[in-house]
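K.L.:
Need coordinates for the below:
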Amino acid sequence: MLAVRRLIAYGIDFIILAMILVSVQLIINVFTGGGLSRSLQSGWAIELWVLLTMSAPVWLYFIYCEYRTRQTIGKKMMRLMLERVDGQPLKLRQTVIRTLIKLLPWELTHIFILLPEPCGLFPKPPVFRYTCPISS
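P.N.:
Below is the predicted model:
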């Protein structure tokens, strides 16, 4: 049952963060007249945009809430509190490592989706051309 409550708490946090951060992105896009979104052409530019407007705020949210108050909004709603085995609050380093482990798959997904050729590791697929044997 605890695992389900933790999952629900994470889902609540995710929904709240998504609503806020996507709204901020939309406001910035409207404020710039859409110019910013048109200028994000390369995978690196998009990754930087996502890092600044999504990833960094999410990391800060989890680190701050779990270190300072021992609860995120979702954890508070599900009546969960973060603590060590001995009942003491986590140290900042422990909170950062916990957040790293929790959010690393999310960050790797961004990288692999937005940067389809990271460091040239993935060669471009060959282009096949077909010529019709019947000419008209």
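
K.L.:
drop to CA atoms for contacts and neighbour counts, all remaining ones
P.N.:
Noted.

K.L.:
Could you tell me how far the most centrally placed residue in the chain is located from Val24?
P.N.:
By C-alpha atoms, centre = their mean, the chain has its centre lying nearest to Ser55, at 4.5 Å. Between Ser55 and Val24 the computed distance is 13 Å (C-alpha to C-alpha, to the nearest Å).

K.L.:
what do you get for Ala18?
P.N.:
Computed as C-alpha to C-alpha, the Ala18 to Val24 distance reads 10 Å.

K.L.:
Burial check on the nearest residue to Thr72 once chain neighbours are set aside, number of neighbours?
P.N.:
With sequence-adjacent residues excluded and distances taken as C-alpha to C-alpha, 6 or more residues apart in numbering, Thr72 is closest to Cys65, at 5.2 Å. By other C-alpha atoms under 10 Å, 16 other residues sit near Cys65.

K.L.:
Assess the claim that Cys65 and Gln71 are in contact.
P.N.:
Yes: using C-alpha atoms under 8 Å, Cys65 is in contact with Gln71, at 5.6 Å.

K.L.:
Which neighbouring elements make contact with the lowest-mean-pLDDT helix or strand in the chain?
P.N.:
In the chain, no helix or strand scores lower on mean pLDDT, DSSP states H and E than helix 35-39, which sits at a mean of 71. If you count contacts as 3 or more C-alpha pairs under 8 Å, 6 or more residues apart in numbering; DSSP states H and E, helix 35-39 packs onto helix 2-31.

K.L.:
Run the chain-centre distance for the helix it packs on.
P.N.:
Relative to the centre of its chain, helix 2-31 is centred 10 Å away, using C-alpha atoms, centre = their mean, to the nearest Å.

K.L.:
Can you spell out which helices and strands pack onto it?
P.N.:
So helix 2-31, by 3+ C-alpha pairs under 8 Å, 6+ apart, packs with helix 35-39, helix 73-77.
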